[in-house]
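1. task: produce atomic coordinates for the following.
(2 chains)
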Amino acid sequence: MADEALKGYRGPGAKVLKKHGVGVWSDVEVESTTGGFKGLILPRSETADDRHIVLKLASGYNIGVAAETITGITEHGRREAHYKIPEKEFPFDPGKPNVKLIGTGGTIASRLDYRTGAVIPAFSPGELYGSVPELAEICNLKTEKLYGVFSENMAREQYIRLAERIGEEIETGVDGIVIGHGTDTMHHTAAVLTFMVQNSPIPIVMVGSQRSSDRPSSDAALNLMYAVKAAAEGDIAGVMVCMFGPTSDEYGLLHSGCRVRKMHSSYRSTFRTVGDIPLATIDRERIIPLHDDYPHRRDDRGVKINAVYNDKVTILYYYPGMRADLVDAIVDTGYRGIVIAGTGLGHVNKPLYPALARAAEKNVHIYMTVQTLWGYTQMYVYETGREIMGLGVVPIANMLPEVAYMKLCWALGQSDDHEEVQRIMQTPISDEITDREPYNGYLIYQGGIPEVQDFLRSTHR
Amino acid sequence: MLASFKPFDEMTPEDYANIGLKCGLEVHQQLLTKRKLFCRCPAGRYSNEYDSEILRHMRPTLSELGEYDGTALMEKKTRKNIYYRIHHETVCTYEFDDTPPFMLDEESLDIAIELSLLLRLNMVGELHIARKQYLDGSIPTGFQRSAILGVDGWIPYKDRRIGIRQLSIEEDACREVSDIGHDRVFLTDRLGMPLIEAVTEPDMHTPQETADVCQIIRMLCRSMGKVRTGYGAGREDVNVSVRGGTRVEIKGVPQIWRIPHLVYNEAMRQCALLEIRRELKRRGVTPETFAHTAHDVSRLVSKATYGPIRAALAEGLCVKCVVLKGFAGLLSHPTQEHTNFASEFSDRVRVVACLTKLPNIVHSDTAAESIPARDWKQLRKKTESNANDALMLVWGDQRDTEMACNEIALRAREATEGVPNDTRQALKDGTNGFERVLPGADRMYPDTDLPPIEIPPERIERIRPGLPEYVWDREARYREMSLPEELIHPMCMSPLAGLFDRIVGELGVDPRFAAVVLFQRLKMFRREGLRPERLSNEELFGVFKARADGRLAREGVPELIEMLLKAPAPRAGAESRVTRLLDELRIHPIPEDELNAAIAGAIERAGSRPFATAEKKHRYLMGQLMGALIGRIDGKRLAQVLEERLSDRQSTAVAKGA
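-> Below is the predicted model of the structure:
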């Protein structure tokens, strides 16, 4: 029997199916030492054990039967499942703005993958229109599936190609671009796109979902509606992330691409602007800017694409007792840049000094950020800070560690000259470095205290 | 023209057989665990208080096999805002779907396996957690995590077997607070509680059989001593169909005694709907010829005197009229007790179009007091309908009334086909109302968040030896012990049954006495505000052991239990607490000389009090002595000794006088 008929089955499971001449999608009656079962044989996830057969019962439930208990299988027929998001042609309205949706992956639209048992992305204008028909009220949508990867698999090649595609799309005259992306590294991509795609005349909105779109409570549809609206109608140009504001279905936030960070492993409201306030709030009716100095949408096509990237860079997340040999190893394996996430205002321990000095001597570019995420590096306050700077480590103000990482990769794609790289790093392209931190740029509410409890009682979170 | 249905009390099993009644059950029972099923929140804590509210909406998603579920699409039409109330003690971020599930609670799984064995199910080798879609908002994820443990079991009933189709373990849903217009509010405390659902085959043929079988399954669950009790801890769905009808699910029956009446009304409803179909067919109205029209009649009825319509117009809302061709006279046909066919439409308009303020429709079959005949006449003219057609008015905002007209037409078309596939809500008066379209297998989707859980044979064999005796066997045994009849049922279901058996078996205590104390006195203590559940089985056993060892009189048993209940919570071991109280209170049988002295003292104190008869004197002295000696001597023995002493005195006095 062909492999297709045994989809995912191996070992004892495959053996018992073969023995009884049945396979995946066979409608069967199974006799076992624990009794009889009737159902449809489903593919087996490759990550599950090889000792069970999966049946879909008439009630829709799935069960597993241990292969070793099976004494007989009778096939009554075959019924193959075709999981398909209903496709409908996306309508065209000449009066509506044109938006291009570029897919890289993520669960904005998704379906079940029988091979792994996990959810894989599905993506076409038809599929999207089938599942979120509201999009047609906002714009004319074209989509392109550039990649279909989980966001942790985004890297150099994808960043460069994506930036180039964005440049091409802007030149063809679209009114806005939406990028579907897995949420885990969305802020990395947002940061690098901010550097690679400069002076964009239109909104470039990254969007994803924290609950995959195969769940009724998914945030995917609303996020997508918000993102498409921001891209089609919004006045804010440049790279942004559009995700839920609160965990309630109330409104979304537009975050600047290089000040945003995923802050919770699973909450819907996981993306937060760090060290500043978001660019705007957005719901189905309105976009309300929260800044008055954002880059406005323009009619020209004067975008500057600089899609270069050197990935011989690392983030060194400092911890007490870190040993110098780690830094040596990084340098000896040929890394060209190190972004340190230091303690407090930007510190590491003394035993690292010789290793850092050695790295600097080998022209490795070393930048200091803070692992507190909020706040600036300030290396003059303490003696240690001055000593570390003396070793050639450059403090990089309030740039987030991941943003500094992406920027250093981008800078080293342009030059290996110490001064040139330092000039690039210290010259803000967008707001990766800001002059001032507003009073409300740092807010982590402390639950449990009366005023916060009152707030929580009176507001949908 | 349409046949009528006999009253409830006059229906016989033959009558039900004639209409081909078939009933099945879905019995839900909360498990007695420390934690919820998929997170580490404490189980069984409820609070109407809340710290915060979350707003969500639900969208239908595709099934695993690529289909949309009908219920899901219906819920989508309702456009509900769903508000969840959150209390810090009862829920964490899992319940409101901001944290993925934790591994399934092992304690719950063990209990479910135990019940699977009791139901003689074919056990699965591997548990696959499914997502069962619920778009009514009762679960914030939009689905219930649920898994099948076994299929095709049975329980004995009368001289036959009732099939158990399947047993699943699942998480409980939210409690609804309110549902008005487009806003539905839920409390989340109950959400995530471990629950089992046992589904029977449609093997019951009368309303009473359905209730009986439900009671047996309930008792079976309780006999494990590992399920929750109290209002809402056990809930039933009843599936009903008659010949030619459809399986209809009546949801959320909280008490078993309500089942027969609910089944009766649903049987009647299905028969009535089949009658209506027959009549429609006679009139030439079939699914193919069915026709309706909808009209905005706001201006036409602008002078209406009917209160709800006047109020709607005053608010600037609109009134729409649906004409159902050939439906005249059918809308007032009775479908259940005190309910007629029109309510099927009203329900749908309420649930789907969210026009929740009742009345929400008025129709041309009603008497003239709502809308005068003159107005109906005008409406007929305007809508170009005639006397064979039924007219139905509905009012509300533009979008909701459009939806309402749609639903009215849909429901009317269904009438030409027979009994629609509904999930219906059990109402207090024994009737039922529309809740949603009955969901099918398309609402199931594998849970991609959790891996399958293997149930190895060793786990089953570990649990098997601890299975309780079957309730029906237990019942027969207790009846043989000639225990008070009214105690037998509660005893069979009680978690104390095992303790009772030990007390009788190991200690040789009189079964009747042990039963009265454990199943009657403890209940009385609870009624008095004490908390008998705080006593451990070992403590209770210790009390009876003291009695068996002769250290405690019969009366002392409840007395000592009461003292234990009133004493501060135990710190030391259970045994020592019973012993200590026995010592402290000197509750042990009274020595002969002390007894004699006590009796003499009492007689002395009674002194020259006049008593009409010797009997009265005896009774008085008994009262005095029992108060002082309670727990230290049997009442019977005291009465006997007292009588001896009194007659001793009598004879002495007589001798003296002589």
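
2. for chain B, what are the nearby residues on the stretch 351-461 of chain A?
-> Of all the residues in the stretch 351-461 of chain A, those in contact range of chain B (Cβ under 8 Å from any Cβ of the partner chain) are A:Gln453, A:Leu456, A:Arg457, A:His460, A:Arg461. From N, CA and C alone the C-beta is placed, and that goes for glycine too.

3. tell me if I'm right that the third one and B:Asp51 touch.
-> What it means is A:Arg457. Yes - A:Arg457 is within contact range of B:Asp51, at 6.2 Å (criterion: Cβ atoms under 8 Å).

4. more neighbours: the two, which one.
-> Using other Cβ atoms under 10 Å in any protein chain shown, the more surrounded residue of A:Arg457 and B:Asp51 is B:Asp51, with 17 against 11.

5. now the helices for the stretch 101-250 of chain A?
-> Secondary structure of the stretch 101-250 of chain A, counting by DSSP state H, counting those that start in this stretch: helices at A:125-131, A:156-172, A:186-196, A:220-233.

6. wait, isn't A:Tyr226 in contact with A:Thr281?
-> No - in this structure A:Tyr226 lies outside contact range of A:Thr281 using Cβ under 8 Å: 9.6 Å.

7. out of those two, which sits in the busier spot?
-> In this view A:Tyr226 and A:Thr281 are compared by other Cβ under 10 Å, and A:Tyr226 has more residues nearby, 29 against 17.

8. if I look at the nearest residue to that one once chain neighbours are set aside, how far off is chain B?
-> The spatial neighbour of A:Tyr226 that comes closest, neighbours along the chain excluded (Cβ to Cβ, 6 or more residues apart in numbering or on different chains), is A:Gly252 at 3.9 Å. Applying Cβ to the nearest Cβ, to the nearest Å, the value for A:Gly252 to chain B is 14 Å.

9. confidence score at A:Gly252?
-> As summarised for this prediction, A:Gly252 has a pLDDT of 98.

10. avg pLDDT for stretch B:264-277?
-> pLDDT averaged over stretch B:264-277 equals 96, rounded to a whole number.

11. B:Tyr433 in helix, strand or coil?
-> Tyr isn't right for residue B:433; it's Gly. Per DSSP: H, G, I helix; E, B strand; the rest coil, the secondary structure class of B:Gly433 is strand.

12. now do the one 3 residues further on
-> Under three-state DSSP, B:Arg436 falls in the strand class.

13. right, and it touches B:Ser138 too?
-> No - counting by Cβ under 8 Å, no contact exists between B:Arg436 and B:Ser138, whose distance comes to 10.8 Å.

14. who has more neighbours out of the two?
-> Looking at B:Arg436 and B:Ser138 with other Cβ under 10 Å, you find the greater number of neighbours at B:Arg436, namely 22 against 18.

15. so in terms of bridging, what pairs with that one?
-> Note on B:Arg436: beta-bridge partners B:Thr423, judged by DSSP bridges.

16. state the pLDDT value of it.
-> Reported pLDDT for B:Arg436: 86.

17. okay, it and chain A: tell me how far apart.
-> Relative to chain A, B:Arg436 is positioned 14 Å away (Cβ to the nearest Cβ).

18. and the stretch 151-300 of chain A, which of its residues are near chain B?
-> Taking Cβ under 8 Å from any Cβ as the test, the list of the stretch 151-300 of chain A residues beside chain B reads A:211-218, A:221-222, A:247-250, A:264, A:266-268.

19. only the buried subset of those, as a PyMOL command please.
-> The buried subset of these, as determined by 16 or more other Cβ atoms under 10 Å in any protein chain shown, is captured in PyMOL by this line:
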select buried, chain A and resi 211+212+213+214+215+216+217+218+221+222+247+248+249+250+267+268
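
20. could you pull up the residues touching B:Gln378?
-> Applying Cβ atoms under 8 Å, 6 or more residues apart in numbering or on different chains, we find B:Gln378 in contact with B:Leu300.

21. okay, now residue 16: neighbour count?
-> Reading this off chain A. Using other Cβ under 10 Å, A:Val16 has 22 neighbouring residues.

22. switch to chain B, that's the one I care about
-> 22.

23. excluding chain neighbours, what is closest to it?
-> Ranked by Cβ to Cβ, 6+ apart and with sequence neighbours excluded, the top spatial neighbour of B:Tyr16 is B:Thr206, at 4.8 Å.

24. look at that neighbour and report its pLDDT.
-> In the predicted model, B:Thr206 carries a pLDDT score of 97.

25. break chain A into its domains for me.
-> According to automatic domain parsing, chain A comprises the domains A:7-78, A:98-305, A:313-426.

26. am I right that B:Pro558 is in contact with B:Val517?
-> Yes - at 5.8 Å, B:Pro558 counts as touching B:Val517 under the criterion of Cβ under 8 Å.

27. ok, now which ones touch A:Pro289?
-> Residues touching A:Pro289, when contacts are defined by Cβ under 8 Å, 6+ apart, comprise A:Asp235, A:Ile236, A:Leu279, A:Ala280.

28. for the third one, list the residues it contacts.
-> Residues in contact with A:Leu279 (Cβ under 8 Å, 6+ apart) are A:Ile236, A:Met240, A:Leu253, A:Leu254, A:His255, A:Ser256, A:Thr273, A:Pro289, A:Leu290, A:His291, A:Tyr294.

29. can I take it that the fourth one is in a helix?
-> Translated: A:Leu254. No - the assignment for A:Leu254 is strand, going by three-state DSSP, so no helix is present there.

30. who's in contact with it?
-> Contact partners of A:Leu254, counting by Cβ under 8 Å, 6+ apart, are A:205, A:230, A:234, A:236, A:240-242, A:278-282, A:287.

31. now do the third one
-> Applying Cβ under 8 Å, 6+ apart to A:Leu253 gives the contacts A:Cys242, A:Met243, A:Phe244, A:Gly245, A:Phe271, A:Thr273, A:Pro278, A:Leu279, A:Ala280, A:Thr281, A:Ile282.

32. pick the one among the residues you listed closest to chain B.
-> Nearest to chain B, judged by Cβ to the nearest Cβ, of the contacts of A:Leu253 is A:Phe244 at 10.3 Å.

33. so what sits opposite the closest one in the bridge?
-> Note on A:Phe244: beta-bridge partners A:Gly252, judged by DSSP bridges.

34. please apply the same query to A:Pro395.
-> Under DSSP bridges, the beta-bridge partners of A:Pro395 are A:Met368.

35. what's the neighbour count on it?
-> When neighbours are counted by other Cβ under 10 Å, A:Pro395 registers 22.

36. surely it touches A:Ile366?
-> No - A:Pro395 lies out of contact with A:Ile366 (Cβ under 8 Å); the separation is 10.3 Å.

37. A helix includes A:Ser59, no?
-> No - with three-state DSSP as the criterion, A:Ser59 is assigned coil and is not in a helix.

38. returning to what we had before: more neighbours, B:Pro558 and B:Val517?
-> When B:Pro558 and B:Val517 are compared on other Cβ under 10 Å, the one with more neighbours turns out to be B:Val517, at 21 against 18.

39. so that one belongs to a helix, correct?
-> Yes - counting by three-state DSSP, B:Val517 is located in a helix.

40. residues in contact with it?
-> B:Val557, B:Pro558, B:Ile561.

41. closest to chain A among these?
-> When these are compared for distance to chain A, the smallest value, 42.1 Å, is given by B:Ile561; criterion: Cβ to the nearest Cβ.

42. how much space between the closest one and B:Arg637?
-> According to Cβ to Cβ, to the nearest Å, B:Ile561 and B:Arg637 sit 21 Å apart.

43. same question, A:Glu419
-> 109 Å.

44. B:Ile155 - nearest residue in space that isn't next to it in sequence?
-> Across the structure, with Cβ to Cβ, 6+ apart as the measure, the residue nearest B:Ile155 apart from its sequence neighbours is B:Ile162 (5.4 Å).

45. can you pull the contacts of A:Ile74?
-> If you look again at residue A:74, you'll see it is Thr, not Ile. With Cβ under 8 Å, 6+ apart as the criterion, the residues that contact A:Thr74 are A:His20, A:Val28, A:Glu29.

46. turn these into TSV, including neighbour count and distance to A:Val174.
-> Output for the contacts of A:Thr74, formatted as TSV (neighbours: other Cβ atoms under 10 Å in any protein chain shown; distance: Cβ to Cβ, whole Å):
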residue	neighbour count	distance to A:Val174
A:His20	18	56
A:Val28	22	52
A:Glu29	14	56
